[in-house]
Structures are given as C-alpha cells and as structure tokens.
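Asker: need a structure here:
(3 chains)
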Amino acid sequence: MADNVAMVTFEELRSASLWAESLETAALDRAMRETVVREVNPGESVCRVGEAVEYWNGVIDGLVKINKISVEGKSITFTGVPRGGWWGEGSLIKREARRYDVTALRKSRVAYMPRATFEWLIDNSIPFNKFLIKQLNERLGQFIAAIEHERLLDPDARVARAIASLFNPILYPGAGPEVQISQEEIGYLSGSSRQRANQALQLLEKAGLLRLEYGSIRVLDLEGLQRYGTV
DNA sequence: GCATTAACACGTA
DNA sequence: TACGTGTTAATGC
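Answerer: Numbering: from 1, shown residues only, chains lettered A, B, ... in the order given. Now for the predicted structure:
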C-alpha cells in the first residue's frame, strides 16, 4: 500500500458498510483501529492482477471498477463498485493471488482491512459471518444474472441492467440516485461500444428511466431499469 | 441490419 | 488543456 493513508472513522464505516452496524462493539472497535483509508485519483490503480492479497477492501466514497485487460489489450469491466461495496474476500479466503485489476473511476476513498483483522472477524463474530454469506450469495446472484443478460438481452437492455447493478442495496448500501461515470465506462460495463452505449442511454432517458448529465447518470426509475427488456 | 471503430466538433470541469 | 458527449462515415459479420 502507498501513502496518503488515514484511520477510518466510525461515521465512514457506518455509512459505507452493511457489516459495521451489525457488529459487536468489541469487534467493531478492533476493525476500526486496524482499518485505514487511502485516497485514490481517477484512473489510478487500486489492485493489480497477480499481486498477493493482504487486505479486504471497501469503497468509503467514490467509485472503482473491477476489470481485466485481455492479451489483445481489450478492457472488460466485471462490475463497478460504488460507496458501500467491499471486495477481495474471495481471494483472501482462498489465499490466492489477485485475479482482477481494480481501478478508480473517480476520486475515491478506499478502505484497507488487513488480512489478520479479517480472519479474526471470521473467527470471532457471528454477525460478520452472516454478512459474508449474504454478500457472497448476493454477488453470485448478480454474476449469474450478468451472464443471462449478456446472452439474452439486446444492447439497450444490457445497458439498463448494467446501470441498475450499480444500485444493488445489499452490495452497495447508502448509494444516492446519481453515479458519476462516463459513457465510455458504461460501454465497458455493458459489453458495448461507447457510441452504442450512448444510443441506449438516450433511449432510456426518453423512456424516463434516467437522466443524463455531464459525466454522470441520475437514476429516476431503478425498478424500470432492472426489468427493462423483459416485458 | 446492426454493431464497431475512427474521426470530428463542441461543451465542460 | 484534457476529458466527456453527440454525431457521422466507413467497415465487418
């Protein structure tokens, strides 16, 4: 980890995690003492493929993407992670090297919980384990759905679902109705070109499901985005 | 036909 | 200035 680190505050943890509020007092105290927060700038790498995984990470504020670059240099985004999202427990538990890149999409504050703290929580906190099961279950559902969307839905619906997935209330609690993301990144997220994503976004705006703003998207009808293309 | 890439003008942070 | 957006033309499956 690099510089620009600070201790995480109680308020930050409470507002950007579903697990902190259910934790026992002693467990939360320990988690807070040992977790630090680092500022990252847009485009800056947070994690890289192949490196050793020694932290559990969370987005306190901002937006990062989990992606990978193919051998031909093509980038695909598996998911965007806004405020309240935590990742890396899979590789931490399996003790494997990092499988994906993580890159900041805008100025973000990322939490780092050391492996030892994470493992202590698993060994000592039932609420923390319940949270982990819930998160893993939810993510499995999200990725199964992503495959379904990729194979069955047209580009407009894929863009709608990709945006909706950023607003999963279990994975990303406390997110507002607006997400600061470029249309190019929506393209990476939905598996389409920027131009095609732009076409889909304008269609969704005309349908009253969202509003396009410079460098960001405001969601007006999340349910509509979630079910777009199925009725 | 439909999506992709490339290229361009224009507006905004 | 660098980046994001909207649009069009050429190209490919």
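
Asker: okay, CA-based contacts and neighbour counts for the rest of this
Answerer: Noted.

Asker: contacting residues around A:Pro12?
Answerer: Rather than Pro, residue A:12 is Glu. A:Ile60 (Cα atoms under 8 Å, 6 or more residues apart in numbering).

Asker: per-residue pLDDT, A:Glu72?
Answerer: pLDDT recorded at A:Glu72 is 80.

Asker: what's the closest residue to A:Trp87 other than its chain neighbours sitting at in phi/psi?
Answerer: Spatially, and ignoring its direct neighbours in sequence, A:Trp87 is nearest to A:Asn57 (5.5 Å; Cα to Cα, 6 or more residues apart in numbering). The phi and psi values for A:Asn57, taken as degrees, to the nearest 10, are phi -110, psi 150.

Asker: contact partners for the residue of chain A found nearest DNA strand B?
Answerer: Closest residue of chain A to DNA strand B, Cα to the nearest atom of the strand: A:Ser192 (3.4 Å). Residues in contact with A:Ser192 (Cα under 8 Å, 6+ apart) are A:Pro155.

Asker: swap in A:Leu225?
Answerer: A:Ala157, A:Ala160, A:Arg161, A:Ile163, A:Ala164, A:Leu209.

Asker: equivalent analysis for A:Glu44, please.
Answerer: A:Thr103, A:Ala104.

Asker: residues touching A:Val159, list them.
Answerer: Contacts of A:Val159 by Cα under 8 Å, 6+ apart are A:Ile186, A:Gly187, A:Leu189, A:Ser190, A:Ala197, A:Ala200, A:Leu201.

Asker: which SS class is the first one?
Answerer: Reducing the assignment to helix, strand or coil with DSSP: H, G, I helix; E, B strand; the rest coil, the entry for A:Ile186 is helix.

Asker: what number of residues lie near it?
Answerer: 24 (other Cα atoms under 10 Å).

Asker: cool, and the second one?
Answerer: By other Cα under 10 Å, the residues close to A:Gly187 number 22.

Asker: pLDDT score for it?
Answerer: pLDDT, read off for A:Gly187, is 97.

Asker: again with the one 3 residues further on
Answerer: Reading off the confidence values, A:Ser190 has pLDDT 97.

Asker: for it, give me its contacts.
Answerer: Contacts of A:Ser190 by Cα under 8 Å, 6+ apart are A:Pro155, A:Arg158, A:Val159, A:Ala162, A:Ala197.

Asker: would you confirm that the residue of chain A closest to DNA strand B belongs to a helix?
Answerer: No. Under the criterion used here (three-state DSSP), A:Ser192 is coil, not part of a helix.

Asker: out of the contacts of A:Ser190, the closest to DNA strand C would be?
Answerer: A:Ala197 (8.7 Å).

Asker: just give the closest residue to that closest one, not the sequence neighbours.
Answerer: In space, A:Ala197 is closest to A:Gly187, 5.4 Å off (Cα to Cα, 6+ apart).

Asker: roughly how far does A:Ile144 sit from A:Glu150?
Answerer: A:Ile144 sits 10 Å away from A:Glu150, going by Cα to Cα, to the nearest Å.

Asker: the two: which is more packed in?
Answerer: Neighbour comparison, A:Ile144 and A:Glu150: the larger count goes to A:Glu150, with 15 against 10 (by other Cα under 10 Å).
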